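[1] Could you look at this predicted model? Sequence included:
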Amino acid sequence: MDKNLLDILACPLCKSPLLYQAVQQELICKADGLAFPVRDGIPVMLEEEARVLTQDELDVLHQ
């Protein structure tokens with residue numbers, strides 16, 4: 001993921017910064033507990049495409 005693109009992307013719901021998880025190919029919003037997919041290098045920033053993070057995943061992110 002291009003650093004410049006990541007710097008300007010924000011959660012479409014709450015406008016919080018996103019964390020890129022390269023292995024999972026996801027952009028994470030810690031505030032909303034959502035993971036937006038990145039498909040073929042393109043972020044899919046639609047709420048209906050996001051998956052809800054598990055409590056265990058959130059716990060790891062907030063450490």
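    Sure thing, it's come through. All values derive from a computational prediction rather than experimental measurement.
[2] contacts for stretch 1-19?
    The contact list for stretch 1-19 (C-beta atoms under 8 Å, 6 or more residues apart in numbering) reads 20, 22, 27-32, 34, 36, 38, 41, 43, 45-47, 61. From N, CA and C alone the C-beta is placed, and that goes for glycine too.
[3] For the residue lying closest to residue 18 once chain neighbours are set aside, list the residues it contacts.
    Closest residue to residue 18 apart from its sequence neighbours, by C-beta to C-beta, 6 or more residues apart in numbering: residue 27 at 4.2 Å. By C-beta under 8 Å, 6+ apart, the contact set of residue 27 is 1, 6, 9, 18, 19, 20, 21, 35, 36, 38, 43, 45.
[4] count of residues packed around the second one?
    Right, the one you point to is residue 6. The number of residues packed near residue 6 is 14, by other C-beta atoms under 10 Å.
[5] try the fifth one
    Residues lying near residue 19 (other C-beta under 10 Å) number 13.
[6] same thing with the first one?
    By other C-beta under 10 Å, the residues close to residue 1 number 15.
[7] Quick one: mean pLDDT for the longest strand anywhere in the chain?
    With secondary structure taken from DSSP state E, the chain has its longest strand at strand 34-39. Average pLDDT, strand 34-39: 97.
[8] Enumerate the positions of it that are buried.
    Across strand 34-39, burial judged by 16 or more other C-beta atoms under 10 Å covers 34, 35, 36, 37, 38.
[9] Report the beta-bridge partner residues of residue 43.
    For residue 43, the beta-bridge partners under DSSP bridges are residue 38.
[10] What pLDDT is listed against it?
    For residue 43, the pLDDT comes out at 95.
[11] Would you agree it is in contact with residue 35?
    No. Residue 43 is not in contact with residue 35 according to C-beta atoms under 8 Å; the separation is 11.2 Å.
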